[in-house]
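# Following is a predicted model, sequence given first.
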Amino acid sequence: MKNSNCDVNLRKVAVIGCGFVGSASAFALMQSGMFSEMVLIDVDKDRAEGEALDISHGVPLNRPMKIYSGEYKDASDAAIVIITAGAGQKPGETRLELVHKNVGIFKSIIPQINECNFKGILLIVSNPVDILTYTAIKLSGLPENRIIGSGTVLDTARLKYQLGQHLGVDSRSVHAFIIGEHGDSEIAAWSSANVSGIPINSFCEMRGYFNHEEAMIRIADSVKNMAYEIIEKKKATYYGIAMSVKRICEAILRDEKSILPVSSMMHGEYGIENVVLSMPSIVGKDGIETKVPITVNENECTHLMKSANALKEVISELEF
Ligand SMILES: NC(=O)c1ccc[n+]([C@@H]2O[C@H](COP(=O)([O-])OP(=O)(O)OC[C@H]3O[C@@H](n4cnc5c(N)ncnc54)[C@H](O)[C@@H]3O)[C@@H](O)[C@H]2O)c1
């Protein structure tokens, strides 16, 4: 199926980088049935080919789909190109410490996408995701709405999961966001958090919890440090992010206009400019339709500024 106004095949997805995150995302996408064609690309061609073979053997047990390893030209008409290429964090390493290695990798990947005259949506997953989304915006020349960072979609899922466990309620009924950097300076936006419209603290009290300050600090810290904990135990995180990738692709492909905390360029929201970070945004067929700057209290706003400044400091060291 072709999009009416350009050369985009709405049934096709490409994944660049087929390590833990790329292969788990490809597996989740295969199971979703959203696409009928998927191309896997990696500098390690054997890796891409092996993953394509392995994942394609699930096809007869799911739905027809063409899955193969390929080149950048194979991605030219994909509706969504997902970049997960790059080094992952080593135990104890912060996301921001990956920056120079992975910006270098993006400097080799983005020009190859540019050469394809790509018309779809670019979804950046590699870390540090905010810096690399900024890098992709600067290097690709694509309209900003078509460049999405997976941002704090995963962190927000971790927050909702933990709150669901804590309160004994379906985590889908919890409405709360992690905003700012996907990393050490991220912010749990407690002041807008609620469970089906009931302010979070009132709902906690309904469930017999009154020590709000202690619980908020404990849960936000646990969410922030979750990647470190998982990496310490099993070297990498990939299932949670794979589901986040699937969710973002679904919002785009089905033009859902879902509100997801993806990362994108800030243009004066909360007085923040020229930095990419996560903010709830409406996501649909054109990528990011608009940001939804949720209400934050003074303390959250101060931390959001700090988060933006931490990212700006890293950006100031980069050359494009
Ligand atoms: N955004 C998130 O929430 C999130 C969550 C988990 C991991 N990550 C990030 O995803 C990235 C991948 O993690 P991983 O665990 O899959 O790492 P990995 O080392 O298992 O895989 C990385 C893959 O990238 C490939 N690669 C390297 N340079 C390339 C290039 N120039 N072109 C194409 N492919 C290239 C490698 O060959 C490898 O297969 C890391 O940066 C990690 O920090 C992001």
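Structure's in. What do you need? Worth saying up front: this structure is predicted, and the values here are computed from it rather than measured.

# I'd like to know how far the closest residue to S196 other than its chain neighbours sits from the ligand.
Excluding the flanking residues, the one nearest S196 by Cβ to Cβ, 6 or more residues apart in numbering is S173, at 4.9 Å. Using the backbone N, CA and C atoms, a C-beta is placed for each residue, glycine as well. Applying Cβ to the nearest ligand atom, to the nearest Å, the value for S173 to the ligand is 23 Å.

# And S196, by the same measure?
Where the ligand is concerned, S196 sits at a distance of 27 Å (Cβ to the nearest ligand atom).

# distance of that residue from T94?
35 Å (Cβ to Cβ, to the nearest Å).

# And T237, by the same measure?
With Cβ to Cβ as the criterion, T237 and T94 are 14 Å apart.

# higher neighbour count, the two?
Using other Cβ atoms under 10 Å, the more surrounded residue of T237 and T94 is T237, with 21 against 14.

# got the phi/psi numbers for the more buried one?
Phi and psi for T237, reported as degrees, to the nearest 10, are phi -110, psi 140.

# if we can go back for a sec, burial measure for the residue nearest to S196, as a count.
As a measure of burial, S173 has 16 neighbours, counting by other Cβ under 10 Å.

# wouldn't it be in contact with G197 here?
No: when contacts are counted by Cβ atoms under 8 Å, S173 is not listed as touching G197 (9.6 Å).

# In the protein, which strand is the longest?
strand 9-16 (DSSP state E).

# ok, that strand near the ligand or not?
Yes: using Cβ under 6 Å from any ligand atom, we find that strand 9-16 touches the ligand at I16.

# Give me the contact list for the helix or strand that that strand is followed by.
Counting by DSSP states H and E, the element after strand 9-16 in chain order, helix or strand, is helix 20-32. Helix 20-32 is touched from outside by 13, 15-16, 18, 35, 38, 40, 42, 51, 54-56, 58-59, 62, 65, 67, 82, 84-85, 88, 125-126, 236-239, 241-243, 245-246, 249-250, with contacts defined as Cβ atoms under 8 Å, 6 or more residues apart in numbering.

# repeat for stretch 155-167
So stretch 155-167 is contacted by 169-174, 176-178, 182, 186, 188, 193, 195, 200, 203-204, 207, 209, 215, 219-220, 222-224, 226, 240, 243-244, 261 (Cβ under 8 Å, 6+ apart).

# ok, now with 6 Å
Contact with stretch 155-167 is made by 171, 174, 176-178, 186, 207, 219, 223, 226, 261, as judged by Cβ atoms under 6 Å, 6 or more residues apart in numbering.

# From the residues you listed, keep the buried residues only.
Taking 16 or more other Cβ atoms under 10 Å as the criterion, what is buried in the contacts of stretch 155-167 is 171, 174, 176-178, 186, 219, 223, 226, 261.

# Now secondary structure and pLDDT too, for the residues you listed, in a markdown table please.
Below are those laid out as a markdown table (DSSP: H, G, I helix; E, B strand; the rest coil; pLDDT from 0 to 100):
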| residue | secondary structure | pLDDT |
| --- | --- | --- |
| S171 | helix | 98 |
| V174 | strand | 98 |
| A176 | coil | 98 |
| F177 | coil | 98 |
| I178 | strand | 98 |
| E186 | coil | 98 |
| I219 | helix | 98 |
| V223 | helix | 98 |
| M226 | helix | 97 |
| P261 | coil | 98 |
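
# Out of these, give me the two with the largest separation.
Greatest spacing in these, by Cβ to Cβ: S171 and E186 (18.3 Å).

# got a pLDDT number for E229?
E229 is assigned 96 on the pLDDT scale.

# count of residues packed around it?
11.

# do the same with the one 5 residues further on
Residues within reach of K234, counting by other Cβ under 10 Å, total 10.

# Could you tell me the per-residue confidence at it?
As predicted, K234 sits at a pLDDT of 96.

# if I look at it, how far off is E97?
20 Å.

# bridging residues for A78?
N9 (DSSP bridges).

# Is it correct that it is in contact with L10?
No: using Cβ atoms under 6 Å, A78 makes no contact with L10, being 9.5 Å away.

# The two - which one has more neighbours?
Each of A78 and L10 has its neighbours counted (other Cβ under 10 Å); A78 has more, 27 against 19.

# And the more buried one, how far from the ligand?
Taking Cβ to the nearest ligand atom, one finds A78 at 15 Å from the ligand.

# How much space separates that residue from R11?
From A78 to R11 the distance is 9 Å (Cβ to Cβ).

# Which neighbours do those two have in common?
Going by Cβ under 6 Å, 6+ apart, no residue sits against A78 while also sitting against R11.

# Run through the residues of the stretch 151-300 of the chain sitting next to the ligand.
Residues of the stretch 151-300 of the chain lying close to the ligand (Cβ under 6 Å from any ligand atom) are 154, 182, 236-237, 241.
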